[in-house]
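1. have a look at this prediction, sequence included:
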Amino acid sequence: MYGKQSLTGGAQPIGKDPRPVRDKTFQANCTKTLLEFLRRVGYPHPISQKILSAPSAKDFQQIFKFLYGHLDPTYEFSKKFEEEVPGLMRGLRYPFAGEISKSQLYAVGSMHAWPSLLAMLCWMVELIQVQPMVLDVPNLTPL
């Protein structure tokens, strides 16, 4: 009755991200959501609003791996990080995975890359937060 495709509307990408990812208010809300979540669940690295305003590649990788670990605790990163992330996001059925490029992942903190990557991290937090509710639905297969 319920399945992965019924939750996502199928595996088809929906095109360009309609969220206002470049809007400062949207970014501030995403930053707040991400920061509050990381602090609440015991993120083991230094984290602040300043770090999230223009993170280093190392900061981004640590945050991404921490969040992904909540979605798939058994996954071990083995390839080059920048090559692995797009496939992982497609696997999670991130609707805008096609917009995440290796070049963005190499220049994480840039004003061109960061808004989309921040929105992606915020989406991952939302997925983590709804996962327990989804797993309680009878006949629903987990991601």
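-> Nice, I can see it.

2. end to end, how far does stretch 70-78 reach?
-> Counting by CA to CA, to the nearest Å, you get 18 Å between the two ends of stretch 70-78.

3. who touches that stretch?
-> Residues from elsewhere that reach stretch 70-78 (CB atoms under 8 Å, 6 or more residues apart in numbering): 41, 65, 68-69, 84, 88, 92, 124, 127-128, 131, 143. (Glycine included, C-beta is placed from N, CA and C.)

4. for the protein, longest helix please?
-> Secondary structure of the chain per DSSP state H: the longest helix is helix 114-135.

5. may I see the buried residues of that helix?
-> Across helix 114-135, burial judged by 16 or more other CB atoms under 10 Å covers 114-125, 127-128.

6. then that helix to PDB, C-alphas only?
-> Presented in PDB, the C-alpha positions along helix 114-135 are these (Å, rounded to 0.1, in the frame of the first residue of the first chain):
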ATOM      1  CA  TRP A 114      26.700  27.300  -0.100                       C
ATOM      2  CA  PRO A 115      23.000  28.300  -0.500                       C
ATOM      3  CA  SER A 116      22.100  25.100  -2.300                       C
ATOM      4  CA  LEU A 117      24.200  23.000   0.000                       C
ATOM      5  CA  LEU A 118      22.700  24.600   3.100                       C
ATOM      6  CA  ALA A 119      19.200  23.900   1.700                       C
ATOM      7  CA  MET A 120      20.300  20.200   1.100                       C
ATOM      8  CA  LEU A 121      21.500  19.900   4.700                       C
ATOM      9  CA  CYS A 122      18.300  21.400   6.000                       C
ATOM     10  CA  TRP A 123      16.300  18.900   4.000                       C
ATOM     11  CA  MET A 124      18.400  16.100   5.500                       C
ATOM     12  CA  VAL A 125      17.600  17.400   9.000                       C
ATOM     13  CA  GLU A 126      13.900  17.400   8.100                       C
ATOM     14  CA  LEU A 127      14.200  13.800   6.800                       C
ATOM     15  CA  ILE A 128      15.900  12.700  10.000                       C
ATOM     16  CA  GLN A 129      13.200  14.300  12.000                       C
ATOM     17  CA  VAL A 130      10.300  12.600  10.200                       C
ATOM     18  CA  GLN A 131      12.000   9.200   9.900                       C
ATOM     19  CA  PRO A 132      10.700   7.900  13.200                       C
ATOM     20  CA  MET A 133       7.100   8.900  12.300                       C
ATOM     21  CA  VAL A 134       7.400   7.200   8.900                       C
ATOM     22  CA  LEU A 135       8.800   4.000  10.300                       C
END
